[in-house]
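[1] pasting the structure only:
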């Protein structure tokens, strides 16, 4: 698809959506909803400051991209041709390479710095919070989000916004890391994980919360208040906030009448020890850990 055929902002957005250069910092918008608690709002502000000021962050993402083109292209392949596509939390808009042939590409991201690192000219981009997307209901045929949900301060709200802007029959494609087993943790907790007793408390706390969820209780949607990215040299996912659990993501979207039509993971991380591999395979018979793996691709249809 040629760039001059990309969809216009006004055709899919609510009146407040504007082009990149016209959009202020979302946290300075007086229309921002007050649903997020004060502590979550502070956390989001710190994350935005980090993303907008760290050149190392964006340069590392640029270097990392060549190692993951296959799985990104795989995610894009589930979007029907001729779709109006929203790339949520698009960052540098790296996914546009695989989406141009699928339809009309539109990207949004909360970080102006990320959008200014976009390599391709002529894209329709909006600086917007994924948890309060500035688009009308049912605006898109497909919504894609890659390596982004784990950075959400309010993952339920982010998922809800994707459901809101997708049309009935449309598809939601999620790609990113998950930490399904209770003892798995993201790099944003590496410094704390050096303590055996911290890891034990973390595992027990997650196990209890996951058990309650499996028995029909509320899903934990565990959020990290102080990721290592704020205090340590940056490594991949040291800015991860949501400890993503595929079971609760699938459960939440199903509650909104979104059907899981495809799931795959690139590496189940079973390890090399025969006993450990056998134990993990046994645990993975449980619904909560059935999809455990390193990077998960989930495709839903509304």
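    Alright, I've got the coordinates. Everything numeric here is computed off the predicted structure, so don't read it as measured data.

[2] Which residue ranges of the stretch 201-302 of the chain form helices?
    Under the criterion DSSP state H, counting those that start in this stretch, helices of the stretch 201-302 of the chain are mapped to 246-255, 274-283.

[3] will you turn those into a markdown table that also has distance to residue 79?
    Every C-beta, even on glycine, is put in place using the N, C-alpha and C of the backbone. A markdown table is the format used below for the helices of the stretch 201-302 of the chain (distance: least, Cβ to Cβ, whole Å):
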| stretch | distance to residue 79 |
| --- | --- |
| helix 246-255 | 17 |
| helix 274-283 | 32 |
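
[4] can you tell me which residues contact residue 257?
    With contacts defined as Cβ atoms under 8 Å, 6 or more residues apart in numbering, residue 257 is in contact with residue 302.

[5] secondary structure element for residue 126?
    Taking DSSP states H and E as the criterion, residue 126 maps to strand 125-127.

[6] packing partners for that strand?
    Counting contacts by 3 or more Cβ pairs under 8 Å, 6 or more residues apart in numbering; DSSP states H and E, strand 125-127 packs against strand 103-109, helix 112-116.

[7] looking at the ones you listed, which is closest to residue 213?
    strand 103-109 (29.8 Å; Cβ to Cβ).

[8] Low-confidence bits of this protein, can you list those?
    1-36, 60-69 (pLDDT under 70).

[9] Please enumerate the strands of it.
    83-88, 103-109, 125-127, 140-146, 166-177, 259-265, 295-301 (DSSP state E).

[10] Direction included, what does the longest one pair against?
    What that stands for is strand 166-177. Sheet pairing for strand 166-177, assigned by DSSP bridges, gives strand 140-146 (parallel), strand 295-301 (antiparallel).

[11] what's the closest of those strands to residue 208?
    Nearest of those (Cβ to Cβ): strand 295-301, 23.1 Å.

[12] what comes into contact with that closest one?
    Contacts of strand 295-301 (Cβ under 8 Å, 6+ apart): 71, 74-75, 78, 169-178, 244, 246, 249-250, 253, 258-267.

[13] Can you tell me which of these are buried?
    The neighbour-count test (16 or more other Cβ atoms under 10 Å) applied to the contacts of strand 295-301 identifies 71, 75, 78, 170-178, 244, 246, 249-250, 253, 258, 260, 263, 265-266 as buried.

[14] Let me know which of the helices and strands packed on strand 125-127 is the nearest to residue 52.
    Of the helices and strands packed on strand 125-127, nearest to residue 52 by Cβ to Cβ is helix 112-116, at 4.2 Å.

[15] Buried residues of that closest one, list them for me.
    In helix 112-116, counting by 16+ other Cβ under 10 Å, buried: 112-115.

[16] what's the closest of those to residue 85?
    Using Cβ to Cβ, the buried residues of helix 112-116 come closest to residue 85 at residue 115, 16.8 Å.

[17] buried sites along stretch 122-134?
    For stretch 122-134, the neighbour count (16+ other Cβ under 10 Å) marks 123-134 as buried.

[18] dump the residue contacts of residue 280.
    181, 268-271, 292.

[19] just curious, which of the residues you listed is nearest to residue 198?
    For these, the closest approach to residue 198 (Cβ to Cβ) belongs to residue 181, at 16.5 Å.

[20] how about the closest residue in space to the closest one that isn't next to it in sequence, what does it touch?
    Sequence neighbours aside, residue 292 is the residue nearest to residue 181 in space, at 5.8 Å (criterion: Cβ to Cβ, 6 or more residues apart in numbering). By Cβ under 8 Å, 6+ apart, residue 292 lies in contact with 178, 180-181, 246, 265, 268-269, 280, 283-284.

[21] can you put these in TSV and add distance to residue 56?
    TSV is the format used below for the contacts of residue 292 (distance: Cβ to Cβ, whole Å):
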residue	distance to residue 56
178	25
180	29
181	30
246	30
265	29
268	31
269	27
280	35
283	37
284	36
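
[22] what separates stretch 265-284 from the chain centre, distance-wise?
    25 Å (Cα atoms, centre = their mean, to the nearest Å).

[23] Could you pull out the buried residues of that stretch?
    265-266, 270, 280, 284.
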